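**Q** What shape does this take:
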Amino acid sequence: MTPGVREQIAIERDVRTDPVKRADRFVERWNKLSDRAERAHVTGDISTQKAMRGHMANMAKSLERDPQMESILANRKLQLASRSTAAAALALNSR
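**A** Just a heads-up that it's a prediction; the model follows:
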């Protein structure tokens, strides 16, 4: 195993065990999906928009299995909602 691979494994282990790092990754992924959904909406690509929103809904549902991260993200609702829509806050509140 190369040093680079070992480093990546260590990073992934840290993310799995640290709820703050999991929350950071969640926000990063959420924002990417939100941006893609917004671009799809602007270009009229409704199927892609629906797919991105579906992924976002699944992410919100996954929080039920991670109460620590859910608590951390509750404090980040504005960070999530400040992207292009308030859908992030809505998804977090809809549970």
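**Q** So which other helices or strands are in contact with the longest helix along the chain?
**A** If you go by DSSP state H, the chain has its longest helix at helix 19-43. When contacts are defined as 3 or more C-beta pairs under 8 Å, 6 or more residues apart in numbering; DSSP states H and E, helix 19-43 packs onto helix 3-17, helix 46-62, helix 67-74, helix 77-81, helix 87-93. Yep, even glycine has a C-beta here, placed from its N, CA and C like the rest.
**Q** Give me the distance from it to the chain's centre.
**A** From the chain centre to the centre of helix 19-43 is a distance of 5 Å (C-alpha atoms, centre = their mean, to the nearest Å).
**Q** so where's this protein shaky on pLDDT?
**A** Applying pLDDT under 70 to the chain flags residues 78-95.
**Q** what about 80?
**A** The model of the chain has pLDDT under 80 over residues 76-95.
**Q** re the thing from before, export the helices and strands packed on helix 19-43 to a markdown table and append columns for mean neighbour count and distance to residue 33.
**A** Output for the helices and strands packed on helix 19-43, formatted as a markdown table (neighbours: other C-beta atoms under 10 Å; distance: least, C-beta to C-beta, whole Å):
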| stretch | mean neighbour count | distance to residue 33 |
| --- | --- | --- |
| helix 3-17 | 10 | 18 |
| helix 46-62 | 15 | 5 |
| helix 67-74 | 16 | 15 |
| helix 77-81 | 16 | 11 |
| helix 87-93 | 19 | 10 |
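**Q** Can you say which of these is nearest to residue 29?
**A** helix 46-62 (7.0 Å; C-beta to C-beta).
**Q** That closest one vs helix 19-43, what angle?
**A** Going by axes from the mean of the first three to the mean of the last three C-alpha atoms, to 10 degrees, helix 46-62 is angled at 160 degrees with respect to helix 19-43.
**Q** how far does stretch 58-70 sit from the chain's center?
**A** That offset, for stretch 58-70, works out to 10 Å (C-alpha atoms, centre = their mean).
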